[in-house]
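Asker: Task: produce atomic coordinates for the following.
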Amino acid sequence: MVVQQRTELGRIRFLYFLTLILATSAVVTSITLYSQASETLRIAMVALGAVGLIALFMTLLQLYTFPKRSHALLIQSGSEMIIATNALHEGFKLRFLRDVLTDSVTTLSDEDRARWKFLEADGYFTVICVKNPRKVLILRLCTMVFDDVFAVDNSNRWEHYDSASTAEPSFANSERPRLKTWKELDAGSRPG
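Answerer: Predicted structure coming up:
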């Protein structure tokens, strides 16, 4: 598996869009000039059109599979912190967190999983439970590996760290992720 830096992903996306423009123009040019071309140029036009179609297909496929922004929710609940993420397919990030936080990480019991099941409706899955967490350490580790980190404490105060362009965001804002189920639980019935 190849892990690319966040800045590289922006450049690659830009190259995909340039490829789309060039491939589309190659296909349009080969179709419009085909009838006016001589026999030798027709072969070149067919080859140009075929290469353009292949480039269009490959680029659209790459854009479709382009990595989405990975989010992490850090939920402080008493003497433990729950880490939920939408990036389960990126297991290397979760293994990194588990390896660094070895002593503090505990497995989620079936009761804990049931308690946090409501997050799955919004696309987040609880993956790690940290006992007696050091919020600053966990927050720093999560901003290193996830694009967006949302932290909520026991008083329901939210912090959002946008780490998409840098692993060291200099400030946090009070944005919340788009969670449908959290609104129902804001009245004080939130687990924990």
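Asker: Could you list the low-pLDDT ranges of the protein?
Answerer: Judged by pLDDT under 70, the chain has its weakly predicted residues at 1-7, 9, 66-67, 164-174, 176, 181-192.
Asker: domain assignment for it?
Answerer: According to automatic domain parsing, the chain comprises the domains 6-64, 71-185.
Asker: Could you check how far the longest one is from the centre of its chain?
Answerer: From the chain centre to the centre of domain 71-185 is a distance of 14 Å (Cα atoms, centre = their mean, to the nearest Å).
Asker: In terms of helices and strands, where is residue 55?
Answerer: helix 39-64 (DSSP states H and E).
Asker: Show me what the strand or helix carrying residue 28 is packed against.
Answerer: Using DSSP H and E, residue 28 sits in helix 6-34. For helix 6-34, the helices and strands in contact under the criterion 3 or more Cβ pairs under 8 Å, 6 or more residues apart in numbering; DSSP states H and E are helix 39-64. Using the backbone N, CA and C atoms, a C-beta is placed for each residue, glycine as well.
Asker: Between helix 6-34 and the helix it packs on, find me the angle.
Answerer: Counting by axes from the mean of the first three to the mean of the last three Cα atoms, to 10 degrees, helix 39-64 lies at 150 degrees to helix 6-34.
Asker: what's the closest non-adjacent residue to residue 82?
Answerer: The shortest distance from residue 82 to any non-neighbouring residue, by Cβ to Cβ, 6 or more residues apart in numbering, is to residue 75 (4.4 Å).
Asker: meant to ask about residue 46
Answerer: residue 30 is the one closest to residue 46 (Cβ to Cβ, 6+ apart), at 7.1 Å.
Asker: neighbours around that neighbour, how many?
Answerer: Residue 30: 22 surrounding residues under other Cβ atoms under 10 Å.
Asker: any idea how far it is from residue 22?
Answerer: 13 Å (Cβ to Cβ, to the nearest Å).
Asker: any shared contact partners between the two?
Answerer: The contact sets of residue 30 and residue 22 overlap at residue 52 (Cβ atoms under 8 Å, 6 or more residues apart in numbering).
Asker: So what would you say the end-to-end distance of stretch 141-159 is?
Answerer: End-to-end distance of stretch 141-159 (Cα to Cα, to the nearest Å): 15 Å.
Asker: My error: substitute stretch 26-42 in the last question.
Answerer: 14 Å.
Asker: For it, buried residues please.
Answerer: Neighbour counts over stretch 26-42 (16 or more other Cβ atoms under 10 Å) mark 26-27, 30 as buried.
Asker: swap in stretch 88-108?
Answerer: 90, 93-94, 97-98, 101, 104-105.
Asker: so which pair among the residues you listed is furthest apart in space?
Answerer: Greatest spacing in the buried residues of stretch 88-108, by Cβ to Cβ: 90 and 104 (21.3 Å).
Asker: circling back to that earlier point, who does the strand or helix carrying the residue nearest to residue 82 touch, helix- and strand-wise?
Answerer: Using DSSP H and E, residue 75 falls within strand 71-77. Counting contacts by 3+ Cβ pairs under 8 Å, 6+ apart, strand 71-77 packs against strand 80-85, helix 135-145, strand 148-152.
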